[in-house]
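Trainee: build the 3D model from these lines:
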Amino acid sequence: MGKLDNHVALIFGGTSGLGEATAKLYAQEGAKVAIAGRNQEKAQAIIDLIEQDGGEAIFVSVDVKDSKAIQAAVEKVIEHFGDLDILYNGAGILDNYDLIEDTEEALFDEVIAVNLKAPWVAAKYALKHMAAKGSGVIINIASQATGMVGVGGTPYMSSKYGLIGQTRQLAHEYGPKGIKVNALSPGFIDTPMTEGIEDKRLLKSPLGRAGKPEEIAKASLFLASDDSDYIQGQNITQDGGWTLGGYPVD
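Mentor: Here you go, the predicted model:
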């Protein structure tokens, strides 16, 4: 028996990094998985692995900057599997770490569209189904940026702080309707999104290393499963202790 038997999960940003690791783990735990993204080739490779292990998964093509495409993705999953139990909002992009005076407005709009508006749109349509049946889970992937400053420019920081507010509000509105909504804030994780980025502050964190996508996936499984049913509207930080600050003990 898996922790997610008979559950259907829609994973935005599921073709690489945290989303990929989460899709694989959810499938191992019995969930039927829909991988939403733009790269069908990458998605198919993940689906092949899931199916080889006896799981079930599909690819849903979507550009998360397109609200209609997000709506269509949610509807396709419900039509294909007949249900939707878990919404994982994991698509995200970084900015250039620039000062606000050097940041183009177009970049701000793009980061907000992907990191903040897309989860809102996905929740809008997923919650119609979840609320009607009286159960469901939403997991928003935020960032350690919500516990410190300096790990992004103003577009990225604004988007992730906003996502925490969105998470808390949805938990307040839909918790009474049987919906569990929480955020997960990873630290510096070894993924394609962080490739080429070096931050010496990481070495001063208690664990002194980058995290692994599989480690974050385990926390996502906890939030998706019944094990976390008394956790609501929270932001769980998983950063190896980075946001504790301070320096290593000699």
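Trainee: regarding this protein, what is its longest strand?
Mentor: The residue-count maximum for a strand in the chain (DSSP state E) belongs to strand 179-186.
Trainee: ok, that one: who's next to it in the sheet?
Mentor: Strand 179-186 pairs in its sheet with strand 136-141 (parallel), strand 235-238 (parallel), by DSSP bridges.
Trainee: shouldn't F188 be in contact with P213?
Mentor: No: assessed by CB atoms under 8 Å, F188 is found out of contact with P213, at 12.0 Å. Placement of C-beta: from N, CA and C, glycine included.
Trainee: show me the contacts for K177.
Mentor: K177 makes contact with M130, A131, G134, according to CB atoms under 8 Å, 6 or more residues apart in numbering.
Trainee: closest to M157 among those?
Mentor: Nearest to M157 out of these is M130 (CB to CB; 29.6 Å).
Trainee: list the contacts of the helix or strand encompassing that closest one.
Mentor: Taking DSSP states H and E as the definition, one finds M130 inside helix 118-133. Helix 118-133 is contacted from outside by 10, 12, 64-65, 67, 70-71, 73-75, 78, 83-85, 87, 89, 91, 136, 138, 140, 163, 166, 170, 174, 177-179, 181, using CB under 8 Å, 6+ apart.
Trainee: now it: buried residues?
Mentor: Residues A118, P119, W120, V121, A122, A123, Y125, A126, L127, H129, M130 are the ones in helix 118-133 that count as buried (16 or more other CB atoms under 10 Å).
Trainee: with stretch 80-100 instead?
Mentor: 81, 83-95.
Trainee: can you flag which of those belong to helices?
Mentor: F81 (DSSP state H).
Trainee: what is the nearest of the buried residues of stretch 80-100 to E104?
Mentor: Nearest to E104 among those is D95, at 9.9 Å by CB to CB.
Trainee: adding distance to L244 and pLDDT, write the buried residues of helix 118-133 out as JSON lines.
Mentor: Output for the buried residues of helix 118-133, formatted as JSON lines (distance: CB to CB, whole Å; pLDDT from 0 to 100):
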{"residue": "A118", "distance to L244": "30", "pLDDT": "98"}
{"residue": "P119", "distance to L244": "27", "pLDDT": "98"}
{"residue": "W120", "distance to L244": "31", "pLDDT": "98"}
{"residue": "V121", "distance to L244": "34", "pLDDT": "98"}
{"residue": "A122", "distance to L244": "32", "pLDDT": "98"}
{"residue": "A123", "distance to L244": "31", "pLDDT": "98"}
{"residue": "Y125", "distance to L244": "38", "pLDDT": "98"}
{"residue": "A126", "distance to L244": "34", "pLDDT": "98"}
{"residue": "L127", "distance to L244": "35", "pLDDT": "98"}
{"residue": "H129", "distance to L244": "39", "pLDDT": "98"}
{"residue": "M130", "distance to L244": "35", "pLDDT": "98"}
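Trainee: with respect to T237, which of these is nearest?
Mentor: Nearest member of the buried residues of helix 118-133 to T237, counting by CB to CB, is P119, at 17.9 Å.
Trainee: for that closest one, give its distance to A126.
Mentor: Distance, P119 to A126, using CB to CB, to the nearest Å: 10 Å.
Trainee: returning to what we had before: max pairwise distance over the buried residues of stretch 80-100: which two?
Mentor: Pairwise distances across the buried residues of stretch 80-100 peak at 36.3 Å for D83 and D95 (criterion: CB to CB).
Trainee: for D53, see how far away the spatially most central residue of the chain is.
Mentor: Centroid-nearest residue in the chain: G90, 2.6 Å away (criterion: CA atoms, centre = their mean). Computed as CB to CB, the G90 to D53 distance reads 21 Å.
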